[in-house]
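Asks: 3D model of this:
(chains A and B)
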Amino acid sequence: MSDPRIWRQLRRHKVAVASMVLFGVAAAVCFLAPWLTPYEFDAIDLSRIRQPPSRDHWLGTDDLGRDLWTRILFGGQISLLIGLISAAVGTGVGTLVGAVAGFFGGRTDALLMRLTDVAYSIPSLPLLIVLASFTQSAFMMIAVIIGLLSWMTTARVVRSEVLSIREMPYVEAARSVGARNRRIIWRHVLPNALGPIVVGGTLAVGNALIVESSLSYLGLGVQPPTPTWGNMLRDAQSTMATEPWLTIFPGLAILLVVLAVNFIGDGLQDALDPRVRSE
Amino acid sequence: MSVSTPQVSEAPVLVLEDLRVSFRTDEGDAEAVRGVSLSLGPGESLAIVGESGSGKTVTALSLLDLVPRPVGRTTWEALRLHGEPLPGPGDRGWEGLRGRRIAMVFQDPMTSLNPVMTVGDQIAEVLVRHMDLSRKAALEEARNLLAQVRIPEPARRLADHPHEFSGGQRQRIMIAMALAGAPDVLIADEPTTALDVTVQAQIVGLIRDLQRASGMSILWITHDLGLVAGLADRVAVMYAGRVVEEARATDLFRSPAHPYTALLLRSAPRLDGALERLAAIDGQPPSLLSLPSGCAFADRCPLAEARCREADPELREVGSAHLAACWRSDEVARMGGGR
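Replies: Residues are numbered from 1 along each chain as shown, chains lettered A, B, ... in the order given. So this is what the prediction gives:
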């Protein structure tokens, strides 16, 4: 990332730049929430329940009279952190497992890939219920758990990339000048597999937001009254027809963030590949 | 006969005895190398010549223990560098030797450099690994190496990626990487086959100049007899995993003692005016999965007779520092084809 040419190329990717701005603004707004809204996220006002957007309540209020704008900002803090942390955990574990399996092959590969198959085939629901009972729904733990439930796809993708990269002549050339396995994986193999890793990572951010909301639905996610975009969406589903703003705005927030992260990933993928960069 | 030709007796730098490599395939074991012995004198150029599948590249890879395991099985009787035994196949200790004592330049410069790393970092990596330099000092030294292999504006080009260089330049960079550890032995595995003809001569000339400057020994791996004539002191001809003839380059070209060498010479175009039809060697090399019990070349050999199919001839002395593995090497001269 130290190479200034990476930034130069990234800046050329207009959509990615716009997405980075959007993501930056969204994150800033969420984390500056206490200064951007006069309300508390859990301040119940039963005299003003289910109000449509108005001057006092920009995005309306929910069925307990809580200000939706405030809840989206505070919920965003948690949702964004869960998204980023779990994507980092999932992508990190998946990349490690995939790289080791693909690079060393043989029994190591067989063992790790069967482990991956097993992890895939374990229904995540019972596992989540067990895990959640130990974690008291601390959002950090939830982020890590979501990450640990989603590394398998990355592991498979990275493994197949590494399987072909390790046969490249430059890997043999690196070996011929005395590079050790760890260095070959770190400097020669993984940088060449970065494209799919980055794409997988950005997709994982969006996925984590969704998984968090389904966890909330089961009462295993972040507990009320603390808002997340996921649990706000879930709470709104019974009133979708009568108070559509309760569904639309959290949904829009998820949509925008997921889109932005995907575009950023797209731009990064191009910027990190020097062959694309020069053209 | 040239007097300055280095002799094997000069306390060799590298000695390899009885290398055997086989590869596991679905149809059985393919014997890629069947008992190759080599020795390389100080500052000497030895060329291993052979067609595809003759085992020449596998022989080269074995010298760095780079034959993939467990698909390939490698054994050797002895492998010594300056008299000291090197680690056995698969043993620990190879990583410190590769690029430091023995280095290799590969066939295809287009794919032998890491596309996402700057060439400066790739050369510096070797220097940090073997020469105990800081990254900063290593980059400085990498610049010197680029200058040595005649890359223009070396300081500026350190930060460029491989795709910003031409094929010939990339091969120069590969050579710079191989030289970074100041190796005793350089293995050049067909370093010019992927390049334009005009660039080939430059690369060969560069390696020769660098050899003269550093006194390293070079093992050339090639299928190009024309190239060999200009650059090798000695030549070993390989066929189906064995050395079938080994001699000083001048002797080999003047009086080949193995029918395969003679036919190879006849199938190469000559530039000295004599316009003849190029002679192809009929037939195919035998399958390495089921080699005949006799001489592997017998089926294609115009001199083959009954005993050739019964017993495989050993490599034996047929002249001064001239070895050939043929029952009828005395009669090869009458085939014609020498130069």
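Asks: what residues does the stretch 151-300 of chain B put near chain A?
Replies: Counting by C-beta under 8 Å from any C-beta of the partner chain, the residues of the stretch 151-300 of chain B close to chain A are B:161, B:163-164, B:174, B:177-178, B:180-181. Quick note: C-beta positions are derived from backbone N, CA and C, even for glycine.
Asks: If you rank those by neighbours, which is first?
Replies: When neighbours are counted as other C-beta atoms under 10 Å in any protein chain shown, the busiest of these turns out to be B:Met174, with 32 neighbours.
Asks: now for chain B, which residue lies nearest the mean position of the chain?
Replies: The C-alpha lying nearest the average C-alpha coordinate of chain B belongs to B:Ile221 (C-alpha atoms, centre = their mean; 2.3 Å).
Asks: Could you look up the SS state of it?
Replies: Per DSSP: H, G, I helix; E, B strand; the rest coil, the local secondary structure of B:Ile221 is strand.
Asks: mind showing which ranges of the chain have poor pLDDT?
Replies: Defaulting to chain A. Chain A contains residues with pLDDT under 70 at A:1-4, A:135-137, A:217, A:275-279.
Asks: my bad, chain B
Replies: Filtered on pLDDT under 70, chain B yields the residue ranges B:1-10, B:270-277, B:336-339.
Asks: quick revisit: roughly how far apart are the closest residue to the residue nearest to the centre of chain B other than its chain neighbours and B:Asp108?
Replies: In space, and not counting its chain neighbours, B:Ile221 is closest to B:Asp189: 4.4 Å by C-beta to C-beta, 6 or more residues apart in numbering or on different chains. Spatial separation of B:Asp189 from B:Asp108 under the definition C-beta to C-beta, to the nearest Å is 10 Å.
Asks: what's the answer for A:Ile49, then?
Replies: When A:Ile49 is compared with B:Asp108 (using C-beta to C-beta), they lie 72 Å apart.
Asks: The two: which has the busier surroundings?
Replies: Neighbour totals were compared for A:Ile49 and B:Asp108, and B:Asp108 leads with 20 against 14 (other C-beta under 10 Å).
Asks: That one: what's it in contact with?
Replies: The contact partners of B:Asp108, by C-beta atoms under 8 Å, 6 or more residues apart in numbering or on different chains, come to A:169, B:194.
Asks: Now it. Its backbone dihedrals?
Replies: Recorded main-chain torsions at B:Asp108 are phi -110, psi 100, according to degrees, to the nearest 10.
Asks: again with A:Tyr120
Replies: Geometry field for A:Tyr120 lists phi and psi as phi -60, psi -40, criterion degrees, to the nearest 10.
Asks: Likewise for B:Val185?
Replies: Summarising the backbone geometry of B:Val185 under the convention degrees, to the nearest 10, its torsions are phi -130, psi 130.
Asks: count of residues packed around it?
Replies: For B:Val185, the count of nearby residues is 22 (other C-beta under 10 Å).
Asks: wait, isn't it in contact with B:Arg101?
Replies: Yes - the pair B:Val185 / B:Arg101 is scored as a contact, 7.1 Å apart, by C-beta atoms under 8 Å.
Asks: Give me the common contacts of the two.
Replies: Jointly contacting B:Val185 and B:Arg101 under the rule C-beta under 8 Å, 6+ apart are B:Leu81.
Asks: And the residue of chain B found nearest chain A, how close does it get to B:Leu146?
Replies: In chain B, the residue that lies nearest chain A is B:Gly99 (3.1 Å; C-beta to the nearest C-beta). The span separating B:Gly99 from B:Leu146 equals 17 Å under the rule C-beta to C-beta.
Asks: More neighbours: those two, which one.
Replies: Residue environment comparison for B:Gly99 versus B:Leu146 gives the larger neighbour count to B:Gly99, 29 against 24, counting by other C-beta under 10 Å.
Asks: Distance of that one relative to B:Glu140?
Replies: For B:Gly99, the distance to B:Glu140 (C-beta to C-beta) stands at 19 Å.
Asks: Equivalent analysis for A:Leu112, please.
Replies: 42 Å.
Asks: Closest residue of the stretch 1-150 of chain A to chain B?
Replies: When C-beta to the nearest C-beta is the measure, the stretch 1-150 of chain A has its nearest residue to chain B at A:Gly106, with 7.5 Å between them.
Asks: What about that residue, how many residues nearby?
Replies: One way to gauge burial is a neighbour count; for A:Gly106, by other C-beta under 10 Å, it gives 10.
Asks: Can you tell me the closest non-neighbouring residue to it?
Replies: In space, A:Gly106 comes closest to B:Pro70 once its chain neighbours are excluded; the distance is 7.5 Å by C-beta to C-beta, 6+ apart.
Asks: and that neighbour, helix, strand or coil?
Replies: With three-state DSSP as the criterion, B:Pro70 reads coil.
Asks: I'd assumed B:Phe23 was in contact with it.
Replies: No - taking C-beta under 8 Å as the definition, B:Pro70 is not a contact partner of B:Phe23, at 10.2 Å.
Asks: for A:Ser216, what are its contacts?
Replies: A:222, A:228, A:230-231, A:234.
Asks: redo that, cut-off 10 Å
Replies: Shown in contact with A:Ser216 (C-beta atoms under 10 Å, 6 or more residues apart in numbering or on different chains): A:137, A:142, A:222-224, A:226-235.
Asks: And those residues, which of them are buried?
Replies: Among those, those classed as buried by neighbour count (16 or more other C-beta atoms under 10 Å in any protein chain shown) are A:137, A:142, A:222, A:226-235.
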